[in-house]
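when you get a sec, could you give me coordinates for this:
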Amino acid sequence: MNGANTLIGKKLGGASKMMGMNGYWYPPYAYATYDPYTFPGEEMLLPVATPRYDNQTQIALRLIQEAIGDERHDELFYDYLISVAPTEQEKQVIAGIRDDERKHRRWFRQIYTELTGQQPPAMEERETFQKPESYLDGIEKALMGELKAFEKYRVIYQNIPSRYRDAIFEIMTDEMKHASYYNWLYAKNK
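Coordinates of the predicted model:
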């Protein structure tokens with residue numbers, strides 16, 4: 001290793017540490033970076049009839065199935081919130097969120113189909129939502145649901161093949177935007 005622009009390995013306390021020329025310590029690992037020119041590996045070239053998924057893809061597929069059902073449930077719950085929202089502005093905000101949930105469900109179905117070559121299995125109907133005690137309780141439930149969805153989608157993002165990550169990232173940012181709107185609605189009606 002030579003030159004002022006390279007990292008220099010120094011022995012400190014018997015352990016090899018990487019030090020930059022500016023004296024800052026750099027950890028002994030590298031962060032993964034996004035490479036838009038990376039193409040899927042050979043596993044993606046297998047015929048659809050012989051589904052072989054690595055453990056990460058299996059995790060993503062299971063969570064996508066759950067997400068499809070969750071998005072449908074949220075859509076129906078938000079229809080209820082629209083019906084009881086006190087102002088036209090609030091109805092429009094919640095309708096926009098509901099429309100995003102429809103988009104997410106459509107995208108999750110498409111990703112699942114592309115990964116497996118099959119339509120997602122029909123999900124068991126979840127219990128019909130229980131009507132919240134008040135509009136404000138419904139907003140709070142919706143806010144917490146959006147945050148939980150973000151956590152689930154983060155796991156999908158970490159486990160899905162890279163070519164789908166942009167779509168998952170957009171869904172994740174929509175969920176954060178929805179949480180912000182519900183936070184605003186909660187504060188406005190408190």
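
for whatever helix or strand residue 57 lives in, packing partners?
In the assignment (DSSP states H and E), residue 57 maps to helix 55-84. On a contact count with 3 or more C-beta pairs under 8 Å, 6 or more residues apart in numbering; DSSP states H and E, helix 55-84 meets helix 88-116, helix 135-159. All C-beta spots, glycine's among them, are computed from the backbone N, C-alpha and C.

I'd like these as TSV, with mean neighbour count, distance to residue 189 and mean pLDDT appended.
Listed next are the helices and strands packed on helix 55-84 as TSV, based on neighbours: other C-beta atoms under 10 Å; distance: least, C-beta to C-beta, whole Å; pLDDT from 0 to 100:
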stretch	mean neighbour count	distance to residue 189	mean pLDDT
helix 88-116	17	8	95
helix 135-159	17	5	95
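
out of these, nearest to residue 56?
Closest to residue 56 of the helices and strands packed on helix 55-84 is helix 135-159 (C-beta to C-beta; 4.1 Å).

in space, what's closest to residue 186 - neighbours in sequence excluded?
Of all residues not flanking residue 186 in the chain, residue 139 sits nearest, at 4.9 Å (C-beta to C-beta, 6 or more residues apart in numbering).

residues contacting the one you found?
Residues near residue 139 by C-beta atoms under 8 Å, 6 or more residues apart in numbering: 81, 182, 185, 186, 189.

redo that, cut-off 6 Å
182, 185, 186 (C-beta atoms under 6 Å, 6 or more residues apart in numbering).

residue 123 now?
So residue 123 contacts residue 69 (C-beta under 6 Å, 6+ apart).

re earlier: so which bits of the helix holding residue 57 are buried?
For helix 55-84, the neighbour count (16 or more other C-beta atoms under 10 Å) marks 57, 59-61, 63-65, 67-75, 77-78, 81-82 as buried.

which phi and psi does residue 134 have?
Per-residue torsions, residue 134: phi -150, psi 170 (degrees, to the nearest 10).
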